[in-house]
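K.L.:
Please find the sequence and the predicted model below.
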Amino acid sequence: MAPPLVLTARTRTLMIVPIFLAIATVFALFAHSDVNTPMLWSQCHAHARIPALSRVPLLGTPLCYLVSFFRAALDATRGRAIMAVVLALVGALLTVCTAESARGCNRPARLVANPTPAWLLFNLLGGALVWQLLIVPAQIQRLRNVFLAHKVGTADEEGEVGGDRLAALRLDRDRNVAGSEVVAIPVAVALGYYLPSILMLVFRSPVAIGVWLLFPLYVSLLRQGIRWGVQRTWDYTAERTVHLETHRRSLLAVYALPFLSSLLAHSAIIWSLTRPDDRKEMTRSCVTFIVIDFAFIGATVLYWVLVETNWKVPAYMVGLAALLGPGAGILGGWLLRENVIQTELDAVLDLAVTEETADEPSEQTPLL
């Protein structure tokens, strides 16, 4: 099978599709916009909606708009069912991005190792554009740098040559996570993301929605605190590392909740489709905006995986998403993605070892 595009194509070439998707996102959102969502902004600006929030200096109007927007999207049974699917998808993406940030090989990449600022920007302002112009390009670039480091024997992203080529190769192929992360990631995602999401779906109040908007910050702080506590309680977790996708108990611990939430949300939307659509005009407008935005996020993630693997993995993700929900499709595709990446890294490392030993004397080397 042909090597992944991340190995063969130039970085500029790989960034053409995300830029095109960003332009298409803006065009699609503009084409499907109406007077309803701008009216929410006008009402917040006039302090007619949530006065206690809209009157806050500078940030009052945009925060009021965000809270009012999601509140309108949740103001119907069909809207809540669709939002449940969206939230399950976000939970799966949050889980895999957090797991990627915990891998040893991603520590030199600031945006990959610390995704919290990008996730806050995504949730509060940019939507799909943050994925297309920031998150996905950073992930693709980092993996490309890892492959290049394997080829030329560099130890870090800046291209500085390591003392021992093979030692540098082994350093950059570290795709394990610390043992403490196996506890910290699922607990942080559960308490920092899924709990606020459930409260938002159930209560649909401005307070619940406002609390949910800052979930990337909660997840980051909880993860750091839990990781610190686990390492202090069990010393061996600071040194022990595991490869998440091949260690069954760790895999189950990290992926179980996102998979279950995707399955439940998928069941809820199927049930909702058998009932009359109870959405009002404002709810329909807000939900349509969200669906379009996340459709382009899904397309961007599929391209991300396509570039790093092959066409079979995105096809598997689409099929699994149709059966068990988009969140499950993300998780299943990530297992295959990691398997392909490991295979390619092993192939590159074997090639490097062969090149290192090609000129060494052997039994077949003539004495004269």
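P.N.:
Now that the structure is in, tell me what you want to look at. Residues are numbered from 1 along each chain as shown.

K.L.:
so what's the residue positioned nearest the centre of the chain closest to, chain neighbours aside?
P.N.:
Geometric centre of the chain, nearest residue: Leu93, 3.5 Å, by CA atoms, centre = their mean. Residue nearest to Leu93 in three dimensions, not counting chain neighbours: Ile330, with 6.1 Å by CB to CB, 6 or more residues apart in numbering. For every residue, glycine as well, the C-beta is placed using N, CA and C.

K.L.:
Helix, strand, or coil at the residue nearest to the centre of the chain?
P.N.:
Of the three states, Leu93 takes helix according to DSSP: H, G, I helix; E, B strand; the rest coil.

K.L.:
about what we covered before: check contacts around the residue nearest to Leu93.
P.N.:
By CB atoms under 8 Å, 6 or more residues apart in numbering, the contact set of Ile330 is 89, 92-93, 96, 301, 317, 321.

K.L.:
And for Leu40?
P.N.:
Leu40 makes contact with 49, 65, 68-69, 72, 282, according to CB under 8 Å, 6+ apart.

K.L.:
what's the closest of the residues you listed to Ser180?
P.N.:
Phe69 (37.4 Å; CB to CB).

K.L.:
right, and that closest one touches Pro38 too?
P.N.:
No - taking contacts as CB atoms under 8 Å, Phe69 lies outside contact range of Pro38: 10.9 Å.

K.L.:
between the two, who's got more neighbours?
P.N.:
Phe69 (21 against 12; other CB atoms under 10 Å).

K.L.:
Contacts made by the helix or strand hosting that one with the rest, please.
P.N.:
Using DSSP states H and E, Phe69 sits in helix 60-73. Contact partners of helix 60-73, identified using CB under 8 Å, 6+ apart, comprise 37, 40-41, 43-45, 49-50, 53-54, 56, 79, 82-83, 124, 200, 204-206, 209-210, 212-213, 282-283, 285-287, 290.

K.L.:
Please state the offset of that helix from the chain centre?
P.N.:
Offset of helix 60-73 from its chain centre (CA atoms, centre = their mean, to the nearest Å): 24 Å.

K.L.:
quick revisit: among the contacts of helix 60-73, which lie within strands?
P.N.:
Judged by DSSP state E, strands contain none of these.

K.L.:
Now that we have the residues you listed, which of them are buried?
P.N.:
Neighbour-count burial within the contacts of helix 60-73 applies to 37, 40-41, 43-44, 49-50, 53-54, 79, 82-83, 200, 204, 206, 209-210, 212-213, 282-283, 285-287, 290; the criterion is 16 or more other CB atoms under 10 Å.

K.L.:
right, and Leu257 touches Ala188 too?
P.N.:
No - the pair Leu257 / Ala188 is not scored as a contact, 11.3 Å apart, by CB under 8 Å.
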